[in-house]
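In: Coordinates for the following, if possible.
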Amino acid sequence: MEHEILFPEDEPYYVFERDCLGFRAVVRGKPVLCLVTAELLLSRFGAREMDEQSLRQAFLEHQAEIHAIARDHIENGWIDEEHRVFLTTRFTRLKVSFSRELAESSPLFAAAQIGHRLLLEIIGPNAEEVDVEWGGNEHPPGDSVITLRLADLSIPYSVERVFPLRKQREDLSPFRLLLAGAWSSILRARSRKLILRSG
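Out: Numbering: from 1, shown residues only. Below you'll find the model as predicted:
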């Protein structure tokens, strides 16, 4: 979904109880509070100390990149019920592609877009780096499929799923369940890697 997203030229301010810097976004005329953690400013954006001045300096030096992360969160619907967006060290970074076959087939592409929206809900804003590849094949009526490949290249690990198109038109619950299963496979692989690292 397209959003009109603006970032007013306000100074960021320190939010003591959350150890964050806050800044405003305006989405379709409505305010959204964006909170970027001190940990993210230290680890990714070069803040030298935990004090407000150092955090603010790092924010101002990397404002465009921080705004881009916040924009991705907003566009993906990762706004909480209190109209806040949280930017942490685990922020989701997606590399998304749709195959040529999908682009050439309106029904397949529409189904993949629905699947992608469901996937965004499932993985949320703290999924770190994930590759998402949507594909599809048109077969005789009633037999077309869309495919999904999820990959975490840091493990490395990937999982593939096939979704019969005819089932997605009636009830999205099985679609959502298969997507959740694919994402769970990635999370289990990450957990195994952590366990192996810890010995």
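
In: Would you tell me what the next helix or strand after the helix or strand bottoming out on mean pLDDT in the chain is?
Out: Using mean pLDDT, DSSP states H and E, helix 165-168 stands out as the lowest-scoring helix or strand of the chain, at a mean of 62. For helix 165-168, the following helix or strand on the C-terminal side (DSSP states H and E) is helix 173-198.

In: List the residues that contact Ser154.
Out: If a contact means CB atoms under 8 Å, 6 or more residues apart in numbering, then Ser154 has Glu128, Glu129 as its contacts. The C-beta positions use only the backbone N, C-alpha and C, and glycine is treated the same way.

In: Phi and psi next, for it.
Out: phi -80, psi -20 (degrees, to the nearest 10).

In: Quick check, pLDDT for the most centrally placed residue in the chain.
Out: The residue lying closest to the centre of the chain (CA atoms, centre = their mean) is Thr92, at 4.2 Å. On pLDDT, Thr92 comes in at 95.

In: quick one, what contacts it?
Out: The neighbourhood of Thr92, defined by CB under 8 Å, 6+ apart, consists of Asp72, His73, Asn76, Trp78, Ile123, Gly124, Pro125, Asn126, Ala127, Glu128, Val130.

In: pretty sure the fifth one contacts Ala180?
Out: Read that as Ile123. No. Here Ile123 does not reach Ala180: they are 9.5 Å apart, not a contact under CB atoms under 8 Å.
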